[in-house]
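**Q** sequence unknown, structure follows:
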């Protein structure tokens, strides 16, 4: 489980033989997307698309000692079709390849993958940037206003560790983030509470 509130991530050791993370085989490469848009469905980046460079939650592949997916919830104000995702990710070790996808909500936790996962590249090194945003175009996905959805991030390669940085401009509520540790058999668990500065940085439009 990621340690909320730590200024640095915990050490990660290698451990072989763990199962693949859910959804990873479905991921496909996606082109980058422009960041500027007048009406995003959700956007909690700071001015000029900044985030907290040195503070976030672990996203770890299956041969690390703690495979982990992270998720953040958002609710569109109205019906809208989205085409792009941006996240504040920093690479710690391994390959420059994370995966993002939109999920439905299932009783306050991530439910069903509705975009099949797209591979992101271009992650800056963790702690070295607070505004290098990783973006991707996704298949056109209609969202229903007033319905909660989840943005989920996992690693495309088994030995990779990255950090999903926190936003400096909090939008959300306690329980609006979740983690899933241990591979295909993992179970989503909501973080019990999140202070105002501990919401993952992302944008959906």
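**A** Alright, I've got the coordinates. The structure displayed is predicted, hence computed values, not measured ones.
**Q** check which helix or strand covers the spatially most central residue of the chain.
**A** Nearest residue to the geometric centre of the chain (Cα atoms, centre = their mean): residue 153, 3.6 Å. Element membership for residue 153, per DSSP states H and E: strand 149-155.
**Q** check the offset of that strand from the chain's centre.
**A** 4 Å (Cα atoms, centre = their mean, to the nearest Å).
**Q** so what does it touch, helix or strand wise?
**A** With contacts taken as 3 or more Cβ pairs under 8 Å, 6 or more residues apart in numbering; DSSP states H and E, strand 149-155 sits against strand 56-60, strand 68-74, strand 80-87, strand 98-106, strand 109-113, strand 161-165. All C-beta atoms are positioned from the backbone trio N, CA, C, and that covers glycine.
**Q** and the fifth one, which residues are buried?
**A** Translated: strand 109-113. 109-110, 113 (16 or more other Cβ atoms under 10 Å).
**Q** per-residue confidence averaged over it?
**A** The average of the pLDDT scores along strand 109-113 is 95.
**Q** sheet-wise, list the partners of that strand with their directions.
**A** strand 98-106 (antiparallel) (DSSP bridges).
**Q** between the strand it pairs with and strand 68-74, how big is the angle?
**A** 60 degrees (axes from the mean of the first three to the mean of the last three Cα atoms, to 10 degrees).
**Q** ok, residues contacting strand 98-106?
**A** 23-24, 27, 59, 71, 73, 82, 85, 87, 89, 110-120, 123, 134, 136, 138, 141, 143, 147-156, 160, 162, 204 (Cβ atoms under 8 Å, 6 or more residues apart in numbering).
**Q** quick one: distance of it to the chain centre.
**A** Per Cα atoms, centre = their mean, the centroid offset for strand 98-106 relative to its chain is 8 Å.
**Q** cool, and stretch 147-160?
**A** 5 Å.
**Q** quick one: buried residues of it?
**A** 149-158, 160.
**Q** just those residues now: which is nearest residue 96?
**A** Residue 96 has its nearest neighbour among those in residue 160, at 8.1 Å by Cβ to Cβ.
**Q** ok, back up a step: what average pLDDT does the strand holding residue 153 get?
**A** 95.
**Q** tell me the strands beside that strand, with direction?
**A** In the sheet, strand 149-155 lines up with strand 68-74 (antiparallel), strand 98-106 (antiparallel) (DSSP bridges).
**Q** these: which one's closest to residue 191?
**A** Nearest of the strands paired with strand 149-155 (Cβ to Cβ): strand 68-74, 9.6 Å.
**Q** and the contacts of that closest one?
**A** 1-2, 21-22, 41-42, 57-60, 103, 105, 109-110, 148-154, 164, 171-172, 176-181, 186, 188, 199-200, 202, 204.
**Q** next one: it to chain centre, how far?
**A** With Cα atoms, centre = their mean, you get 5 Å for strand 68-74.
**Q** as a whole number, average confidence for that strand?
**A** Rounded mean pLDDT across strand 68-74 is 94.
**Q** now that strand against strand 161-165, angle please.
**A** 20 degrees.
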